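S.K.: Kindly return the folded structure for what I paste below:
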Amino acid sequence: MRKIDNQMVFLVVDDLEAMRTITASQLRVLGASNIVTANNGAEAMRLLQNQRVDVVLSDWNMPVMSGLDLLKAVRSDERLSRLPFVIITAEAERERIAEAIASGVSGLLVKPYTAEGLAARIEKALASRPRSDSTIRAVPAARPEAPTPAAASAPVAAAGPVAQPAREQLRPTILVVDDTPDNLHLLLQLFKDEYRVRTALTGEKALEICQSNNPPDLVLLDIMMPGMDGFEVARRMREHPTSESTPVIFVTAMTGDDARLKGLELGAVDFVTKPIDPEVLKPRVRNFLRYVELHKQLQANYDGMLEAARLREDVERITRHDIKGPLAGVIGLVQAMADDDSMSRKQQVEKLHMVEETALQVLNMINQDFACHVCREAHHCRRRYVRPGRQGSTPGAGRCHALLFAVSESDQECL
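M.R.: Residues are numbered from 1 along each chain as shown. Predicted coordinates:
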């Protein structure tokens, strides 16, 4: 897989200056040094016409010209048509994602995301072969599947210095933020059996955890804290791609309408007043984490849709190019035999053997491609359905387990 190097030129397109700045900073951490920015698709297209760019990272929803419209413009330009293009989005409509895939997107990165997630999508985009505009028109949009909450695996957890047990990695993470140790202990005891629980005594520490490469899935946040209060933590969370979509529940002694309104304006999903009633808080947390799990599965679902589109392209490429030459050879040999009345019996047999060998070559090519398709399907199923502690009872799991039974690890050379 091709790595990021400091000679590459990245174009970051986002209408929010804070997001452009943070994405550029993440790219520099990953080793990039040549970064240009644009605040909408139209400005990005003007930059692309006037300077070299190696990778485009674009937000989806922007004024003037959206990321999807920019993608279509890039793919329809002969000079730019093979440029790696990654769309960063919180888009949840599968039909629109299918449209982006059919339009030739190289990668999809779902918000919120970490620096590791960004690096992985860039490397995949660099390794893949972007399609030309003619190929894009030839490939139909992926047929949307019915959303199935359990149909995709959770995203791969960011690598850390110590590997966590598989079961522990699957549990959602809650960050509890409070400057009172007794309150931290109370909430830790309340949730530790169901979730991974992290704690922070200050707003600064909470923000550091939320914007790290291993962010929490939900934040229980006190408001009144010395230094950086809960409102400031929530505001800064919304300015960073890793934490901008992380749900926040304010757990506070403040009961006034003004505090509640300010919290909602900063993106809080709920307000819980102290003293804490476990019978009220636990079901609220559980409900929000169900939503978080569904949102996290979007990345795996969209990766699967993109991989399926690439497999279809491989089949079409073989049909249009790899098989075309041998079939033309067969036709030529048959026509030569039909036109040459002076050909001896021995020569006819030789020609027929050549026809047979060429036809077998085509058949082997088709069989090999089918085997690779099965291997990739099995690999995708392993990531999608075979998870520690989970039985294969989800929709589609039966078919996938049959594939896994039929394809051994040693057979998966095409992967």
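S.K.: Give the buried residues for the helix or strand harbouring Met45.
M.R.: Assigned by DSSP states H and E, Met45 belongs to helix 41-50. Using 16 or more other C-beta atoms under 10 Å as the test for burial, helix 41-50 gives 41, 43-45, 48. Placement of C-beta: from N, CA and C, glycine included.
S.K.: contacts for the helix or strand encompassing Leu70?
M.R.: Applying DSSP H and E as the criterion places Leu70 in helix 67-76. Contact with helix 67-76 is made by 13, 41, 44-45, 48, 56, 58-61, 65, 80-81, 83, 85, 87-89, 96, 99-100, 103-105, 130-133, 136, as judged by C-beta atoms under 8 Å, 6 or more residues apart in numbering.
S.K.: ok, of those, which come out buried?
M.R.: 13, 41, 44-45, 48, 56, 58-60, 65, 80-81, 83, 85, 87-89, 99-100, 103-105, 130-131, 133, 136.
S.K.: Report the contact partners of Ala38.
M.R.: Residues in contact with Ala38 (C-beta under 8 Å, 6+ apart) are 11-13, 44, 46-47.
S.K.: per-residue confidence for Ser134?
M.R.: Note on Ser134: pLDDT of 45.
S.K.: ugh, typo on my part, it should be Arg2
M.R.: 51.
S.K.: now do Val156
M.R.: Val156 is given a pLDDT of 36.
S.K.: same thing with Met65?
M.R.: 93.
S.K.: So it sits against Gly41, correct?
M.R.: Yes. Using C-beta atoms under 8 Å, Met65 is in contact with Gly41, at 3.0 Å.
S.K.: So which elements touch the helix or strand containing Gln189?
M.R.: For Gln189, the enclosing helix or strand under DSSP H and E is helix 181-191. The criterion is 3 or more C-beta pairs under 8 Å, 6 or more residues apart in numbering; DSSP states H and E, and the helices and strands that helix 181-191 contacts are strand 173-177, strand 196-200, helix 278-317.
S.K.: Need those in CSV (columns: distance to Ile249, mean pLDDT and mean neighbour count).
M.R.: Putting the helices and strands packed on helix 181-191 into CSV (distance: least, C-beta to C-beta, whole Å; pLDDT from 0 to 100; neighbours: other C-beta atoms under 10 Å) gives the following:
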stretch, distance to Ile249, mean pLDDT, mean neighbour count
strand 173-177, 9, 94, 24
strand 196-200, 14, 93, 20
helix 278-317, 7, 78, 17
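S.K.: Nearest to Glu17, out of the ones you listed?
M.R.: helix 278-317 (25.3 Å; C-beta to C-beta).
S.K.: from the chain's centre, how far out does the closest one sit?
M.R.: 9 Å (C-alpha atoms, centre = their mean, to the nearest Å).
S.K.: angle of that helix against strand 173-177?
M.R.: Angle of helix 278-317 versus strand 173-177, following axes from the mean of the first three to the mean of the last three C-alpha atoms, to 10 degrees, is 140 degrees.
S.K.: buried ones in the following helix or strand past helix 278-317?
M.R.: Later in the chain than helix 278-317, the nearest helix or strand by DSSP H and E is helix 324-339. Neighbour counts using 16+ other C-beta under 10 Å place 326, 329-330, 333 of helix 324-339 among the buried residues.
S.K.: now stretch 117-128
M.R.: Quick answer for stretch 117-128 (16+ other C-beta under 10 Å): 117-126, 128.
S.K.: Need the contact partners of that stretch.
M.R.: 1-4, 23, 26-27, 30, 55, 57, 84-86, 106-109, 155, 299, 310.
S.K.: Restricted to strands, list those residues.
M.R.: 55, 57, 85-86, 107-109 (DSSP state E).
S.K.: Let me have those residues in TSV, extended by pLDDT.
M.R.: Below are the ones in strands among the contacts of stretch 117-128 laid out as TSV (pLDDT from 0 to 100):
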residue	pLDDT
Val55	95
Leu57	95
Phe85	95
Val86	94
Gly107	89
Leu108	89
Leu109	88
